[in-house]
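*Asks:* Fold the following and give me the result.
(one chain, ligands or ions: 2)
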Amino acid sequence: QQDYLLQTEKLAVAGQLAAGIAHEIRNPLTSVMGFLQLLREHFDQVSPESYRIVWSELVRISDIASSLLVLAKPEPAQFCNYTLDTIIRDTITLLEGQAHKVNVYFDSSPIPDVTLHCSPGQLKQVFLNLFKNSIEAMEDGGGTIRLSYDVQPEHVIIEVTDDGPGIPKHLLATLGQPFYTTKEKGTGLGLMVVYNIIQEHRGHIQFDSDGTHGTRVTIQLPIAQF
Ligand code: ADP
Ligand code: MG
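*Replies:* Numbers count the residues shown, from 1 in each chain. Ligands and ions are numbered 1, 2, ... in the order given. You can find the predicted model right below:
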């Protein structure tokens with residue numbers, strides 16, 4: 001009886017996810033198809049701008065597919081020992097240029113010398129998705145992404161704060177739900193990926209905000225024990 005209920009629940013979730021995916025992919029696909037039709041019939045009307053739009057629609061479909069792969073877990077991620085320092089630095093380096101363009105700066109307290117038993121690629125993905133959200137939240141006025149750390153015997157706690165507009169309290173519980181987005185060009189999959197990866201690393205993540213100013217993300221990850 002209980003198994004049956006669980007099964008039904010899982011199918012319902014799968015159905016919702018499938019509906020979401022179909023919906024999210026259909027729009028960009030329609031625009032790519034329209035473009036190809038125009039290309040065939042009115043080759044001379046194809047502007048560089050329409051190339052740009054079609055390209056960004058294809059990138060969107062590709063982003064959605066990559067995010068969903070994290071859920072599908074075709075093969076378990078390879079875990080190895082890797083320093084927190086490298087994960088954070090590599091991610092900041094990757095985004096710094098893009099951040100500076102919209103007057104967003106990173107300010108990290110010294111990164112503690114801790115080793116994590118982890119999938120480095122996946123953890124970089126976590127910080128990439130979080131930093132991107134902070135940059136996008138502040139891109140109108142600029143601001144600072146602050147990073148601080150607290151090392152405990154078995155865990156490291158990483159705090160990421162921004163001074164964007166924050167997240168209304170009643171929406172905090174919605175974060176991580178597939179396709180929840182408030183952005184015109186958002187996929188609403190970034191935080192779903194984050195939650196999944198953190199869970200796979202036996203960590204915790206929490207979002208705090210008073211809903212008027214700034215967001216704080218607290219991530220707890222187990223330290224490799226030697
Ligand atoms: P996307 O970025 O594509 O919208 P995400 O899953 O990354 O999808 O984020 C979901 C939503 O959570 C965002 O659309 C935004 O409303 C909210 N959000 C996430 N991080 C922040 C932040 N740092 N500041 C304000 N809002 C945020
Ligand atoms: Mg995002």
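*Asks:* what's near enough to touch the closest residue to G141 other than its chain neighbours?
*Replies:* Leaving aside its sequence neighbours, G141 sits nearest to N103 (Cβ to Cβ, 6 or more residues apart in numbering; 7.5 Å). Placement of C-beta: from N, CA and C, glycine included. The contact partners of N103, taken as Cβ atoms under 8 Å, 6 or more residues apart in numbering, are 141-143.
*Asks:* And F226, how far from I157?
*Replies:* 20 Å (Cβ to Cβ, to the nearest Å).
*Asks:* Please identify which of those two sits among more neighbours.
*Replies:* The residue with more neighbours, out of F226 and I157, is I157; 15 against 6, by other Cβ atoms under 10 Å.
*Asks:* The helix or strand hosting the more buried one pairs with which strands?
*Replies:* Element membership for I157, per DSSP states H and E: strand 155-162. Strand 155-162 pairs in its sheet with strand 143-151 (antiparallel), strand 215-222 (antiparallel), by DSSP bridges.
*Asks:* next structured bit after it?
*Replies:* helix 190-200.
*Asks:* what comes up buried for the helix or strand harbouring I135?
*Replies:* Using DSSP H and E, I135 falls within helix 120-138. Neighbour-count burial for helix 120-138, with 16 or more other Cβ atoms under 10 Å as criterion, is recorded at 120, 122-131, 133-138.
*Asks:* how about whichever strand or helix holds A18, does it reach ligand 1?
*Replies:* Take DSSP H and E as the rule and A18 turns out to sit in helix 2-41. No - for helix 2-41, no contact with ligand 1 is found by Cβ under 6 Å from any ligand atom; the gap never falls below 10.5 Å.
*Asks:* and ligand 1, which of the buried residues of helix 120-138 reach it?
*Replies:* Answer for the buried residues of helix 120-138 near ligand 1 (Cβ under 6 Å from any ligand atom): 129, 133-134, 137.
*Asks:* For E136, give me its contacts.
*Replies:* If you count contacts by Cβ under 8 Å, 6+ apart, then E136 has K183 around it.
*Asks:* Once you drop chain neighbours, what's closest to the residue of the chain found nearest ligand 2?
*Replies:* With Cβ to the ion as the measure, G190 is the residue of the chain nearest to ligand 2, at 3.0 Å. Leaving aside its sequence neighbours, G190 sits nearest to N129 (Cβ to Cβ, 6+ apart; 4.1 Å).
*Asks:* Touching, that neighbour and M192? I think so.
*Replies:* No - between N129 and M192 there is no contact under Cβ atoms under 8 Å: 9.4 Å.
*Asks:* Quick check: buried residues in the worst-scoring helix or strand of the chain on mean pLDDT?
*Replies:* The weakest-scoring helix or strand in the chain, judged by mean pLDDT, DSSP states H and E, is helix 2-41 (a mean of 80). Within helix 2-41, the residues that count as buried by 16+ other Cβ under 10 Å are 20-21, 24, 28, 31-32, 35.
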